[in-house]
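Visitor: Let's see this in three dimensions:
(chains A and B)
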Amino acid sequence: MDQSRIRNFSIIAHIDHGKSTLADRLLERTGAISERDMREQLLDEMDLERERGITIKANAVRIDYTGDDGVEYELNIIDTPGHVDFSYEVSRSLEACEGALLLVDAAQGVEAQTLANAHLAIESGLEIIPVVNKIDLPAADPDRAAGELVGVLGGSVDEVVHVSAKSGSGIDELLEAVIDRLPAPEGEPRASLRALVFDSYYDTYRGVVALVRVVDGSLSEGDAIQLMANGENLTADEVGIRRPSIERTGKLDAGEAGYLITGVKDIDLIRVGDTVTHSASPAAEALAGYAEPRPMVFSGLFPTDGDDFERLREALDKLRLNDSSLVYGAETSRALGFGFRVGFLGLLHMEIVRERLEREYDLDLVATAPSVEYVANLTDGSKAVVQSPQDLPSTAVLASIEEPYVKVMIITPSTYIGTVMELVQSKRGEMGEMNYLSTERVELHYLMPLSEIIFDFFDLLKSRTRGYASLDYEPDSYRVSDLVRVDILLNGQSVDAFSTIVHKDRASSYGRSMVRKLRELIPRQLFDVPIQAAIGSRIISRETVRAKRKDVTAKCYGGDITRKRKLLERQKEGKKRMKMVGSVEVPQEAFVAALKINDE
Amino acid sequence: MNEARPPTSPPTPVRANDPDLADDAHGWKSAYVHIPFCARRCPYCDFAIVDESSVGTTDHRRYVEAVISEIAMEERFGPLDAVNFGGGTPSRLQPDELRQILDALEHRFGFVDGVEISLEVNPEGCGPTVADELAGVGFTRVSIGAQSFSDEILGVLGRSHSAGRIGDVVDSARAAGFRSVSLDLIYGHAAETDRSWERTIDRALALPIDHVSTYALTVEPGTPLSRDIVAGAGAPDEDIQADRYELFCERSSEAGFDRYEVSNHARSGHACRYNLSTWAHGEYVGFGLGAHDHRWGTRSRNHPRLDRYLRDVESGIRPRLGSETLDADAQARDRFMLGLRLASGTQLTTLAAVFLGSPVGERLLDAGIIAVENNRVVVMQPMLTDAVAREALSVSADHC
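Guide: Next comes the predicted model:
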């Protein structure tokens, strides 16, 4: 198709602002999908995406649309995730587009992630159409939302399109705005092929399926192609588009987005961000790629049943085929046995991976409390990367510890400024600038240690602002902090999986809370279980789970003896879900107790 | 009328917790008869009973006939060493009705010399006349549902008798000539205090009794007690129950009682044979609503609903709800688990040896929670018996 009739765009929105519903409506309106096949969140293919109402993976769908001018257009919607954990996915989706719809809930207004992603879009040079959604909600205030959008993007309120993705009102106007206001791609159709790999996924039968955007030239089936970053030569076995089901077209022209299958099974051969060109007449220069996603949060994952270690490895290998951001390496814990140290983009990513491992691979896992990646400066001048608190070098050789800081953006109603400031300060945050989006809403910037955010910060922020504040953050720098490792001892033995690195000022209160929380979580056993918190050899807190004193049924007569035996056997089976740490039975939730403690 | 019964032999001078007695009991044969009728259901009870305050007085006659028919359907078994009438409230039947059932049992199975014939009675239904009649019918042992000597606790337990009445009932039973008189006590209700429990112990042990069963109040799902607790009433506290239990063991021991099972204490020669037989994994037949039996490696259970029970029996079929045949391993496990409840312990079988040699077994030995005495495994802290059994069954399951 002539590039002038192609529009490639993303929809940028905060979670729950209706992005997937809008995509559904666009597909339905343009006849890409019949009402019969319509189901909600069509672009979200993973069960988890549908259940949680979030988008995790990017997707690209072509729809045909005949404009009011009678011309037939080809629209490619590049779907993007809405959660902060997945912003790297957003940035690469945006590279494949010329425009973006910035979608805002008419009742909620601009949120931190909307803003962060809007900045990404502006930096990528995209044309943006501001859209206010859910205009038919009782609580909707479309004018205020439009005002905030204009405040962020500039322009005039007349440029804001008002829609209800739910009822479909405003959808026609939006489609017209897409063809009128978004630029057509301007690649060079006759130049050497340059196609950007903006995402990939693994299909059991087809191998790696790459989602590509052809910038220059064209890509046809049978072409001998080369991946410019690694020089790998492959053949384009199959080329086509998604609508959203796969449609083999045999060819993708300049400006078009679609899929490419090469028969390759190894996802590392076709890296996201790479440029595809022709082997025979390679392009001189590759397209700008992406930075590798950096895991921000690390956690140990251990099978409850040690025999499942190999199954866990296989499951992680399979998950990684669709999630190149997942990094992991084997880890051994004295308490938990063999498992993996896994790096995640954030807490949501961690939760999702764990849930998928348990659900899709039928694994029973113990996860340790999340940690960030520290840098230990040693007395000999060398540095060591510490992903797991148990790996922290001993104080004898430790000169200092650096921890990652992040730039935090919080958008909140101005009535909660004081509350938010107080919370951020209690989490070692440093105030940056403050901008009013409108008279009622304000944008606050901070510099904060990432470790303070990954536990309960988001929950606290939400609860203290009655759910009105939103949060986004991006990595900033590493800084030296006064940090110590707090160890937890059960029955006098240090349990590596419980060790945590915390700021020195918080160590005592953390130790106390952790020990108290563990006393609640660890059930009474046949013996006393002392629980201690220690910094080095110094015990900072101690509690004891007293031995239980009664565990017997009063009566056991002729009656149900078999039932009694089976009950005892079943109860013991149930206990097998606990982890034996030395001689202590520890329930799985105890290993993430650190997530649940409230410092006084 | 009691000339028909063999004369009762004098109490054998064995202590209740003698290991030999438990081994003997394994070979005893006994019968259980369930009399389901109650004036009303107690708030903590989840047994198969007929609450006559809500269904009206039922046809006792018809039930007695059914039990007698069921006895007649039973295969050869016996002679019986012990017979126990439980409930419900067996004393809601007329002594003559009980006699008819006893006659049927004796006719069908025969009784050994010195047979123990026991029944449970409620204090309110057991005056001097009734006691005389029951003894005359042939009962040798009576177990009185005293529960507490605090009127307040009796009130919260839904019992209709007063504490003051219990002594009279014991005196009547003694005067009637029962060989053994036992009291049932329940402790650990949230409304109970250390003081009221201590008074109950003192008053119970001051009576001329030979046997006491002390039960920690258990909250069974679906009972009014359980609903009250869900609604915010105090739940029994396990530590407090453990304290109360220990106090009772101490006082009863001083008063000359031996603990022979988790909840049972008796003077020499007065251990309940029927109970001992079940804990020793002996064989028994059960008749009546919801009754269980265990013979020849099979356990069976009767229908717990009155209409179903009567319908089956009156159609000439055994009113079974189900049965299970135990393989040798399950039998060994049952016997081990039950034996742990006995103060004399359980035999040092292969299963027991595997358990003792396991890390958890060694730790329990080290901690003095279990011990090996006379080649038997004994739980030294009876309130932890289920925890020990759970560990042992698990170890032996992994071993197999």
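
Visitor: who touches residue B:260 in this structure?
Guide: B:15-17, B:21, B:266, B:271, B:276, B:342-344 (Cβ atoms under 8 Å, 6 or more residues apart in numbering or on different chains). All C-beta atoms are positioned from the backbone trio N, CA, C, and that covers glycine.

Visitor: Out of these, flag the one nearest to residue B:319.
Guide: residue B:276 (27.4 Å; Cβ to Cβ).

Visitor: and the closest one, how many residues sit next to it?
Guide: 27 (other Cβ atoms under 10 Å in any protein chain shown).

Visitor: quick check: mean pLDDT across the longest helix belonging to chain A?
Guide: In chain A, taking DSSP state H as the definition, the longest helix is helix A:504-521. Helix A:504-521 shows a mean pLDDT of 92.

Visitor: Kindly spell out which helices and strands sit in contact with it.
Guide: strand A:483-490, strand A:500-503, strand A:529-535, strand A:538-545 (3 or more Cβ pairs under 8 Å, 6 or more residues apart in numbering or on different chains; DSSP states H and E).

Visitor: one step back: let's see if you can find the most crowded of the contacts of residue B:260.
Guide: Busiest of these [other Cβ under 10 Å] is residue B:271, holding 31 neighbours.

Visitor: Please name the residues that touch that one.
Guide: Residue B:271 neighbours (Cβ under 8 Å, 6+ apart): B:16-17, B:21, B:211, B:260, B:264.

Visitor: SS state for residue B:394?
Guide: helix (DSSP: H, G, I helix; E, B strand; the rest coil).

Visitor: orientation of the longest helix of chain A relative to strand A:529-535 in degrees?
Guide: Angle, helix A:504-521 to strand A:529-535, by axes from the mean of the first three to the mean of the last three Cα atoms, to 10 degrees: 170 degrees.

Visitor: how far does helix A:504-521 sit from the chain's center?
Guide: Centre-to-centre, helix A:504-521 and its host chain are 29 Å apart (Cα atoms, centre = their mean, to the nearest Å).

Visitor: Might you list the low-confidence residue ranges for the stretch 301-400 of chain B?
Guide: B:398-400 (pLDDT under 70).

Visitor: What parts of it come near chain A?
Guide: Within the stretch 301-400 of chain B, the positions lying close to chain A (Cβ under 8 Å from any Cβ of the partner chain) are B:301, B:324, B:326, B:330, B:333-334, B:337-338, B:341, B:359, B:363-364, B:367, B:369, B:381-387, B:389-391, B:393-394, B:397.

Visitor: mind redoing it with 6 Å?
Guide: B:324, B:334, B:337, B:383-387, B:389-390, B:393-394 (Cβ under 6 Å from any Cβ of the partner chain).

Visitor: Where neighbours are concerned, which of those residues has the most?
Guide: Counting by other Cβ under 10 Å, top hit in these: residue B:389 with 28 neighbours.

Visitor: which residue packs closest to that one, ignoring adjacent ones?
Guide: residue B:337 (4.8 Å; Cβ to Cβ, 6 or more residues apart in numbering or on different chains).

Visitor: Point out the residues in the stretch 501-600 of chain A that sit beside chain B.
Guide: Residues of the stretch 501-600 of chain A lying near chain B (Cβ under 6 Å from any Cβ): A:526, A:549-552, A:554, A:557-559, A:561-562, A:565, A:568-569, A:571-572.

Visitor: Report pLDDT for the spatially closest residue to residue B:208 that is not a sequence neighbour.
Guide: In space, and not counting its chain neighbours, residue B:208 is closest to residue B:174: 5.4 Å by Cβ to Cβ, 6+ apart. Confidence at residue B:174, expressed as pLDDT, is 97.

Visitor: was I right about residue B:174 contacting residue B:209?
Guide: No. Counting by Cβ atoms under 6 Å, residue B:174 does not reach residue B:209; the two are 8.6 Å apart.

Visitor: Neighbour count: those two, which is higher?
Guide: Neighbour count, other Cβ under 10 Å: between residue B:174 and residue B:209, residue B:209 has more, with 22 against 16.

Visitor: My guess is the more buried one contacts residue B:180. True?
Guide: No. With contact defined as Cβ under 6 Å, residue B:209 does not reach residue B:180; the gap is 8.5 Å.

Visitor: Tell me which residues are up against the top strand by length along chain B.
Guide: Ranked by residue count and defined by DSSP state E, the top strand of chain B is strand B:111-121. With Cβ atoms under 6 Å, 6 or more residues apart in numbering or on different chains as the test, strand B:111-121 has contacts from B:6, B:9, B:79-87, B:90-91, B:138-144, B:273-274.

Visitor: Just the buried residues of the residues you listed.
Guide: B:80-87, B:90-91, B:138-144, B:273-274 (16 or more other Cβ atoms under 10 Å in any protein chain shown).

Visitor: Mark which of those residues are part of helices, please.
Guide: B:273-274.

Visitor: The lowest-mean-pLDDT helix or strand in chain A: what's the following helix or strand?
Guide: Lowest by mean pLDDT, DSSP states H and E among the helices and strands of chain A is helix A:47-52, with a mean of 56. Moving toward the C-terminus from helix A:47-52, the first helix or strand encountered (DSSP states H and E) is strand A:59-66.

Visitor: and residue B:59, what does it touch?
Guide: Contacts of residue B:59 by Cβ under 6 Å, 6+ apart: none found.

Visitor: excluding its backbone neighbours, what's nearest the residue sitting nearest the centre point of chain B?
Guide: In chain B, the residue lying closest to the centroid (Cα atoms, centre = their mean) is residue B:275, at 5.7 Å. Taking Cβ to Cβ, 6+ apart, and ignoring the residues beside it in sequence, residue B:275 has residue B:264 as its nearest neighbour in space, at 6.4 Å.

Visitor: ok, which stretches of the stretch 201-350 of chain B are helices?
Guide: B:224-230, B:238-254, B:273-279, B:306-314, B:328-339, B:350-357 (DSSP state H, counting those that start in this stretch).

Visitor: Let me know which of the ones you listed is tucked in deepest.
Guide: Among the helices of the stretch 201-350 of chain B, the stretch with the highest mean neighbour count (mean count of other Cβ atoms under 10 Å in any protein chain shown) is helix B:273-279, at a mean of 27.

Visitor: Just the mean pLDDT for that one, thanks.
Guide: On average, helix B:273-279 scores 92.

Visitor: again with stretch B:102-121
Guide: pLDDT averaged over stretch B:102-121 gives 96.

Visitor: That stretch: end-to-end distance?
Guide: One end of stretch B:102-121 to the other measures 16 Å (Cα to Cα, to the nearest Å).

Visitor: Repeat that for stretch B:218-232.
Guide: 17 Å.

Visitor: contacts for it?
Guide: A:554, B:43-44, B:46, B:235.

Visitor: List buried residues within the residues you listed.
Guide: Buried members of the contacts of stretch B:218-232, counted by 16+ other Cβ under 10 Å: A:554, B:44, B:235.

Visitor: Closest one of the residues you listed to residue A:68?
Guide: residue B:235 (72.1 Å).

Visitor: For that closest one, give me the pLDDT.
Guide: 92.

Visitor: what's the answer for residue A:35, then?
Guide: For residue A:35, pLDDT reads 56.
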